[in-house]
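Visitor: got a predicted structure here, sequence first:
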Amino acid sequence: METITNTTSILLIYTGGTIGMIENPVTGALENFSFEQLKKHVPELQKFDFNIDSCQFDQPMDSSDMDAVAWRMLVDIIQNNYDKYTGFVVLHGTDTMAFTASALSFMLHGLSKPVILTGSQLPIGVIRTDGKENLLTSLEIAAAHRADGKPMVQEVCVYFENKLMRGNRTTKLNAEDFNAFRSYNYPDLATVGIHIRYNLNAIHYQEKEVPLKVYTTMSTNVAILKLFPGIQEMVVRSVLFIKGLKGVVLETYGSGNAPRKGWLVDCLSEASKRGVVIVNVTQCKSGMVDMDRYETGYQLKSAGVLSGYDITTEAALTKLMFLFGQGLSVDEVRLEMMHSIVGEISMD
């Protein structure tokens with residue numbers, strides 16, 4: 001049973017992005033977020049029977065500018081306000097939302113409250129905006145509690161166009177449609193229509209309540225290498241032999257396959273032996289890597305490449321950043337990349 005208590009209080013965090021831009025009716029120009037302006041454009045906010053406070057980055061960021069520094073700022077805001085609020089809603093640009101959601105899932109350990117990222121394809125001030133529904137429903141979900149008083153959702157999520165998704169399972173799939181995000185390899189945590197229907201079997205709940213522990217150090221010495229027909233050795237070498245490189249997300253074909261080129265296997269093997277952690281992720285939107293299925297995949301395994309199973313590129317990259325940021329050894333990182341930390345991989 002879903003309830004909202006009179007002690008419920010939500011912190012709305014604006015980082016930047018389309019959802020917070022409001023059109024000036026006189027000039028037609030888009031202006032940055034102001035919570036007072038937002039309440040004028042979304043009067044339904046006044047109908048919630050719980051408290052909503054807001055804060056924002058000193059300089060709102062386009063999501064294209066999001067990086068590890070911005071993630072740390074977000075984590076600091078959540079940590080500093082964790083005991084004051086029952087939930088958090090983060091307004092974020094759509095382009096890198098899946099990366100931010102994945103990063104936060106690793107940086108916020110022991111999370112027992114909702115952190116919901118949302119945004120929009122059209123600004124709040126536009127007549128046909130999708131931002132209003134995304135904002136209102138995200139707030140309602142963030143405020144929802146079970147009958148035992150605990151939050152209905154206790155993890156980092158993305159809410160977009162009637163779907164609540166695990167943050168580290170999401171990918172942006174469309175630059176124009178309102179249905180811009182999808183969780184291909186994990187069930188939606190909730191679907192929204194007349195009612196909000198929670199998939200309780202899919203939502204992660206803490207077995208026992210533990211204090212929130214945050215990690216703010218992320219290593220950015222990582223890269224993504226996407227294979228394509230006709231890829232040349234010099235392209236692969238230019239990535240794998242970057243000075244200081246620690247980890248690579250290798251986007252392969254199908255179930256984890258790559259061209260049977262001797263130079264490619266040699267490059268991967270040499271980089272792996274040098275201590276670069278290489279994780280195999282499929283370019284397909286859904287499905288998983290199985291390097292034992294075909295010879296074209298097994299050759300990568302023999303070269304020291306790890307299986308990413310059904311992890312997204314966004315989660316694989318931010319997981320590498322997180323693990324190396326904690327000062328783990330190469331062997332420790334390789335071990336952790338083969339296991340699920342916060343539900344980012346389906347190990348079965």
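Guide: Thanks, I have it. Numbering: from 1, shown residues only.

Visitor: CA atoms for contacts and neighbours, from now on please.
Guide: OK.

Visitor: where does the prediction get shaky in the protein?
Guide: 1-6, 22-25, 28-35, 348 (pLDDT under 70).

Visitor: residues near Ala175, how many?
Guide: When neighbours are defined as other CA atoms under 10 Å, Ala175 has 12 of them.

Visitor: ugh, wrong one, I meant Pro43
Guide: Neighbours of Pro43 using other CA under 10 Å come to 10.

Visitor: now the one 3 residues further on
Guide: Residues near Gln46, counting by other CA under 10 Å, number 12.

Visitor: just checking, it is part of a strand?
Guide: No. Using DSSP: H, G, I helix; E, B strand; the rest coil, the secondary structure at Gln46 is helix, not a strand.

Visitor: quick one: secondary structure of the residue nearest to it when sequence neighbours are not counted?
Guide: Spatially, and ignoring its direct neighbours in sequence, Gln46 is nearest to Lys39 (7.5 Å; CA to CA, 6 or more residues apart in numbering). What three-state DSSP gives for Lys39 is helix.

Visitor: isn't Lys39 right next to Lys47, touching?
Guide: No. Contact between Lys39 and Lys47 fails when scored by CA atoms under 8 Å: they sit 10.8 Å apart.

Visitor: which of the two has more neighbours?
Guide: Legend: neighbour count by other CA under 10 Å for Lys39 and Lys47, higher for Lys39 (12 against 7).

Visitor: quick one: contacts for the residue most central in space within the chain?
Guide: With distances taken as CA atoms, centre = their mean, Ala101 lies nearest the centre of the chain, 2.5 Å away. For Ala101, the residues meeting the contact criterion (CA atoms under 8 Å, 6 or more residues apart in numbering) are 117, 156-158, 167-168.

Visitor: just checking, next helix/strand downstream of the particular helix or strand that has it in it?
Guide: Element membership of Ala101, judged by DSSP states H and E, is helix 97-107. Next in sequence after helix 97-107, counting helices and strands by DSSP H and E, comes strand 108-109.

Visitor: what about the strands in the stretch 101-250 of the chain?
Guide: 108-109, 115-118, 156-160, 163-166, 171-172, 181-182, 190-192, 196-198, 213-214, 222-226, 247-252 (DSSP state E, counting those that start in this stretch).

Visitor: now these in JSON lines, with mean neighbour count and distance to Gln56?
Guide: Output for the strands of the stretch 101-250 of the chain, formatted as JSON lines (neighbours: other CA atoms under 10 Å; distance: least, CA to CA, whole Å):
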{"stretch": "strand 108-109", "mean neighbour count": "19", "distance to Gln56": "19"}
{"stretch": "strand 115-118", "mean neighbour count": "28", "distance to Gln56": "14"}
{"stretch": "strand 156-160", "mean neighbour count": "29", "distance to Gln56": "19"}
{"stretch": "strand 163-166", "mean neighbour count": "28", "distance to Gln56": "23"}
{"stretch": "strand 171-172", "mean neighbour count": "20", "distance to Gln56": "24"}
{"stretch": "strand 181-182", "mean neighbour count": "24", "distance to Gln56": "24"}
{"stretch": "strand 190-192", "mean neighbour count": "17", "distance to Gln56": "27"}
{"stretch": "strand 196-198", "mean neighbour count": "16", "distance to Gln56": "28"}
{"stretch": "strand 213-214", "mean neighbour count": "15", "distance to Gln56": "20"}
{"stretch": "strand 222-226", "mean neighbour count": "18", "distance to Gln56": "29"}
{"stretch": "strand 247-252", "mean neighbour count": "25", "distance to Gln56": "32"}
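
Visitor: can I get those strands in TSV with distance to Gln283?
Guide: TSV is the format used below for the strands of the stretch 101-250 of the chain (distance: least, CA to CA, whole Å):
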stretch	distance to Gln283
strand 108-109	28
strand 115-118	25
strand 156-160	22
strand 163-166	20
strand 171-172	12
strand 181-182	15
strand 190-192	26
strand 196-198	30
strand 213-214	31
strand 222-226	8
strand 247-252	5
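
Visitor: of those strands, which approaches Val89 most closely?
Guide: Ranking those by distance to Val89, with CA to CA as the measure, places strand 115-118 first at 4.8 Å.

Visitor: kindly export that closest one (C-alpha atoms) in CSV.
Guide: Extracted C-alpha coordinates of strand 115-118, given in CSV (Å, rounded to 0.1, in the frame of the first residue of the first chain):
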residue,chain,number,x,y,z
VAL,A,115,16.9,9.7,-5.7
ILE,A,116,14.9,10.2,-8.9
LEU,A,117,16.4,11.9,-11.9
THR,A,118,14.0,13.4,-14.4
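
Visitor: run through the neighbouring helices and strands of that strand.
Guide: Applying 3 or more CA pairs under 8 Å, 6 or more residues apart in numbering; DSSP states H and E, one finds that strand 115-118 contacts strand 87-91, helix 131-143, strand 156-160.

Visitor: so which of the strands of the stretch 101-250 of the chain comes closest to Ser64?
Guide: Among the strands of the stretch 101-250 of the chain, the nearest to Ser64 by CA to CA is strand 171-172 (13.3 Å).
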